[in-house]
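Peer 1: Coordinates for the following, if possible.
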Amino acid sequence: MTLSGIYRRSVIFPAIFLVIFTVVYSSIENRNYESEWITKEAAVETDILAAVIYCALICLLSLTMFLNKISRVGSSNILSFLSWFLLPVGVMCVVSAQAINEYNTVESSFESLMALIFNLPFVIGLTWGYIKFKRSLGSMPT
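Peer 2: Got it, this is the predicted structure:
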């Protein structure tokens, strides 16, 4: 499998899944939303926009995995691992830590759990992609 195919399966597909998940979840969560400032449709659109921006950011930061095409990076296990995980997982950790810090009250614990769950498909996808890439190079046992 090519590196672009691995990128597509490990980053783009989880992003599409998360946007669809956000549409469904936000529609269900905000069906009884009432506010004097915005409508429930605007609340759903805001959630979807936030999901699209976050997924685009993770997809953009995951482009560093293409540094593995450089022989020096691809042949070094440490550089290969860092090029694959450092930027996207670093941002995911910052977002998750902020969510836990901001929503550490009992009433808002569900939102912090959602922030952690939101990153799970990307972590699974990136890990799967890294293992698949290393196996294709013969650097990792099957």
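
Peer 1: continuing past the one helix or strand Val52 maps to, what's the next helix or strand?
Peer 2: Take DSSP states H and E as the rule and Val52 turns out to sit in helix 40-61. Counting by DSSP H and E, the element after helix 40-61 in chain order, helix or strand, is helix 71-75.

Peer 1: and that next one, which residues are buried?
Peer 2: Under the neighbour-count criterion of 16 or more other C-beta atoms under 10 Å, helix 71-75 has 73-74 buried. C-beta here means a position set from N, CA and C on the backbone, and glycine is covered the same way.

Peer 1: Point out where the protein drops to low pLDDT.
Peer 2: 104-111, 139-142 (pLDDT under 70).

Peer 1: Which residue in it shows the largest distance from the geometric centre?
Peer 2: The centre of the chain is farthest from one residue, Glu36, which by C-alpha atoms, centre = their mean lies 32.8 Å away.

Peer 1: and the residue most central in space within the chain, what does it touch?
Peer 2: Centrality entry for the chain: nearest residue to the mean C-alpha point is Phe122, 3.8 Å, by C-alpha atoms, centre = their mean. Contact partners of Phe122, counting by C-beta atoms under 8 Å, 6 or more residues apart in numbering, are 11, 14-15, 18, 58, 88, 92.
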